[in-house]
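[1] Predicted coordinates and the sequence they were generated for:
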Amino acid sequence: MKFMKLGTKSDSFYTEQSTRTLTSDIPPDIVIQINEATFLLHKDALLPKCGLLQRLCDESIDSESVNMELHDIPGGKEAFEICSKFCYGISIEISARNFIPSYSASKFLIMNDSVSKGNFEGKLEVFFNSFILESWKDSIATLRTTVTLPEWSENLGIIRKCIDSIIEKILVPSHEVNWSFTYSRPGYIKKQHHQVPKDWWTEDVSDLDIDIFRCLIMIIQSTYVHPPQLIGEALHVYACRWLPDIRKLNKSSDISASQTEESKVKNRKILETIVSMIPIDKGSVLVGFLFRLLGISIHLNASSFVKTELIRRASLQFEETTLSDLIYLSKSSSDRYYYDIDIVLTMLESFLKHWKRMSPSVMDNNYSLKSIRNVAKLIDSYLQVVAEDDKMQVSKFVSLAETVPCIARVDHDDLYKAIDIYLKDALLPKCGLLQRLCDESIDSESVNMELHDIPGGKEAFEICSKFCYGISIEISARNFIPSYSASKFLIMNDFVTKGNFEGKLEVFFNSFILESWKDSIATLWTTITLPEWFENLGIVRKCIDSIIEKILVPSHEVNWSFTYSRPGYIKKQHHQVPKDWWTEDVSGLDIDIFRLLGISIHLNVSSFVKTELIRRASLQFEETTLSDLLYLSKSSSDRYYYDIDIVLTVLESFLKHWKRMSLSVMDNNYSLKSIRNFAKLIDSYLQVVAEDDKMQVSKFVSLAETVPCIARVDHNDLYKAINIYLKVHLDMCKVDKKKLCGILDCQKLTTEICHQAVKNELLPLRTVVQLLYFEQEKLSMANTTQIMDGNLALELEKKMRIRGREI
């Protein structure tokens, strides 16, 4: 970079607080204020060269000391100081970087030759015309500084002269270029390349402001000297210099909102200007550049005109597109990509219209056929990528796939791969069960699954699948139960993926179904299809609670819709809600006795109602299931409370009825079968309540002992219940343990269970000895040659040694 040196004196300016002055024996007699800065200087040095200061001093009343304000001086205090130093003869350097503020300030201060021969303004003009305009890099550097003083630069003709100088050099044939320029393309080494590249000028002009750059490019285009491809390359270099890399920008989070918006406005202007300057000739810019601009336009939310123009231009060169170009249109976050398949579809449709116009008969045009087949291959590759997006809607996926003409695909192999990826990647991210089954599968390429046990069958699975694929589905009270049970079965909860199906169904159930009288009724109607699932999931209980809550509301407060078709009742004529308004809606429900009993406990109804329900339940006790008995329990946030007293009362009532009906149980096969089914039910119930760490041993034993001896074929299930109780209640005293194990008949245990029980460290020693004794007896009855099994004897000896007790 060239510079001009003026003056010979050393710099004697210094700063004291906000005041600038210079070392001198003569006191200052002129004070000049420029914004916050104050200059204390001398008339004798300044006035002979500054016409403006001469005029201001002549107008001043005080001839000895003059105060002036020059807040409007271009270039501010820095430019004024340069002019002041010139007046004092102090050494200064003028270059392309400080020429514009210095020249503008000299114009403002009227430092021309009419004021003083050889003045500052004239020297600056000589330097500008003889050195700056003759130098490629100095002309560029000067133009860059015009942004600080655009109006002065324009009015003084600096911008026009610099542009003319730059244009003149750009139009010179590349083999005649003999000045320094910037060219940092990958692989280009200046020493190894004797020939100057045709786009040698593009990198330097990319440093210019967008408005100056636009003016420069428009003039170059108007000369028709350079081909459109070279203009396109200049636009490409400028875009790379100023426009953001949207992939990096998406991940940056350290920029404030205001700065981000400010930069977006600036970048949007640059983008729109570049798009407006792209030559109309096809191929003037690479299709990859068009896609990059389109991706940036999406990120910056540019005008629809800019997006439409870029889509149109890109579609004309769509056969040159690569997969990375299409992916550039996606938006990325920290954990995933969002693919803009709509724009790709629009571009493909535009390309196909152009292709059909250009190819009246595709089969007669080899190039045209090759072109469309390349596009088809590209689209199928793109579909394989977007198929991995678990948010990709199946309708968009299918639309893009179907837009490709049949003639374009030689085969459907790549399309099949895309569909296969979509099917896997749409289901797996949301279905924990399918993820586990795939992980367990040996063949990672193809997985076959059997889900015959899925609640709700194929209809429920279809609903869950549609949710995974983003297909529109409607959930109502009529299909809520199969949908919810299937989502539970497939493990579609928020632990698998946030916002999953199960969570959305729960919100719908709690916020809408339970709030609606008729929807709660309708949901209960459907429980008969999957009774066990929804008993366990608490759906039935919640629906009944909601219904009961509304039934107990005083009739004059009822403000929801209900069914009431009694003769003579016309709703419009009856402003008062009848007290039995609810009976017709609930009449269709299948609510069994035990459920009603559970409701009565929950609502704390009268003892008469409870007693009557207990009596009715005991008459049908042989039809009871384990879930019926468990319905009598109460639940809190962390545990269940089992009402064993009511079960015991129902059981005793049933046994009284059974004894009356069976004078001789052995003579009545049906009665014997009934009592044995009942015993098996009670032992299963005991296994459940044994897990309650608050269950009293006395209640547990009472319920177990109430079952008649004849009812139990063996004591295997009873032993399992006792074993569970012992594991849960490890701090039991010896007395309670003896009482608990006393209900067990060791003779009624099978050989397999007996072997397990002998090794059980939780059983009292007395019980273990009994087990060993009866085991020996069984062996003797089986004509075993050994008096006592060796392993059992060793087991007994071990027990005795460990516990230190005598038999």
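    The structure has been received and is ready for your questions. Predicted model, so just to flag it, every value in this text is computed and none were measured.
[2] Every contact and neighbour count from this point should use C-alpha atoms.
    Noted.
[3] What segments of the stretch 201-350 of the chain are helices?
    In the stretch 201-350 of the chain, the helices defined using DSSP state H, counting those that start in this stretch lie at 202-205, 210-223, 228-242, 246-251, 257-277, 287-300, 304-316, 323-327, 341-358.
[4] pull the CA atoms of the second one into PDB?
    What follows is the C-alpha trace of helix 210-223 in PDB, where atoms were taken according to Å, rounded to 0.1, in the frame of the first residue of the first chain:
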ATOM      1  CA  ILE A 210     -22.900  -4.400  -1.000                       C
ATOM      2  CA  ASP A 211     -24.100  -1.200  -2.600                       C
ATOM      3  CA  ILE A 212     -20.700  -0.400  -4.100                       C
ATOM      4  CA  PHE A 213     -20.300  -4.100  -5.100                       C
ATOM      5  CA  ARG A 214     -23.700  -4.000  -6.900                       C
ATOM      6  CA  CYS A 215     -22.700  -0.900  -8.800                       C
ATOM      7  CA  LEU A 216     -19.400  -2.500  -9.800                       C
ATOM      8  CA  ILE A 217     -21.000  -5.700 -11.000                       C
ATOM      9  CA  MET A 218     -23.800  -3.900 -13.000                       C
ATOM     10  CA  ILE A 219     -21.200  -1.900 -14.800                       C
ATOM     11  CA  ILE A 220     -19.100  -5.000 -15.600                       C
ATOM     12  CA  GLN A 221     -22.300  -6.800 -16.900                       C
ATOM     13  CA  SER A 222     -23.100  -3.900 -19.100                       C
ATOM     14  CA  THR A 223     -19.800  -4.100 -20.900                       C
END
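[5] packing partners for that helix?
    For helix 210-223, the elements it packs on are helix 158-170, helix 228-242, helix 257-277, judged by 3 or more Cα pairs under 8 Å, 6 or more residues apart in numbering; DSSP states H and E.
[6] picking that back up, C431 is nearest to which of the helices of the stretch 201-350 of the chain?
    Nearest to C431 among the helices of the stretch 201-350 of the chain is helix 341-358; the distance by Cα to Cα comes to 25.0 Å.
[7] in that closest one, what counts as buried?
    The neighbour-count check on helix 341-358 (16 or more other Cα atoms under 10 Å) flags 341, 343-352, 355 as buried.
[8] Check which element follows that helix along the chain.
    helix 366-386 (DSSP states H and E).
[9] And the contacts of that following helix?
    Here helix 366-386 makes contact (Cα atoms under 8 Å, 6 or more residues apart in numbering) with 318-319, 321-323, 326-327, 339, 355, 359, 362-363, 392, 397, 400-401, 404, 407-410, 414-415, 417-419, 421-422.
[10] one step back: which one of the helices of the stretch 201-350 of the chain has the lowest average pLDDT?
    If these are sorted by mean pLDDT, helix 246-251 sits at the bottom with a mean of 63.
[11] just to revisit the earlier point, tell me which of the helices of the stretch 201-350 of the chain sits nearest to L686.
    When these are compared by Cα to Cα, helix 246-251 sits nearest L686, at 58.9 Å.
[12] Need the buried residues of helix 341-358 in TSV (columns: distance to L171).
    Conversion of the buried residues of helix 341-358 to TSV gives the following (distance: Cα to Cα, whole Å):
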residue	distance to L171
I341	43
I343	39
V344	39
L345	42
T346	40
M347	37
L348	39
E349	40
S350	37
F351	36
L352	39
W355	37
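[13] Tell me which two in those residues are the farthest apart.
    Spatial extent of these (Cα to Cα) is set by the pair I341 and W355 at 20.6 Å.
[14] quick one on the thing from earlier: and the helices of the stretch 201-350 of the chain as CSV, adding distance to I539?
    Putting the helices of the stretch 201-350 of the chain into CSV (distance: least, Cα to Cα, whole Å) gives the following:
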stretch, distance to I539
helix 202-205, 70
helix 210-223, 66
helix 228-242, 60
helix 246-251, 44
helix 257-277, 47
helix 287-300, 46
helix 304-316, 51
helix 323-327, 46
helix 341-358, 41
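[15] Which parts of the chain are strands?
    Using DSSP state E, the strands of the chain run over 3-6, 13-16, 19-22, 30-34, 37-41, 66-69, 92-95, 331-332, 337-338, 634-635, 640-641.
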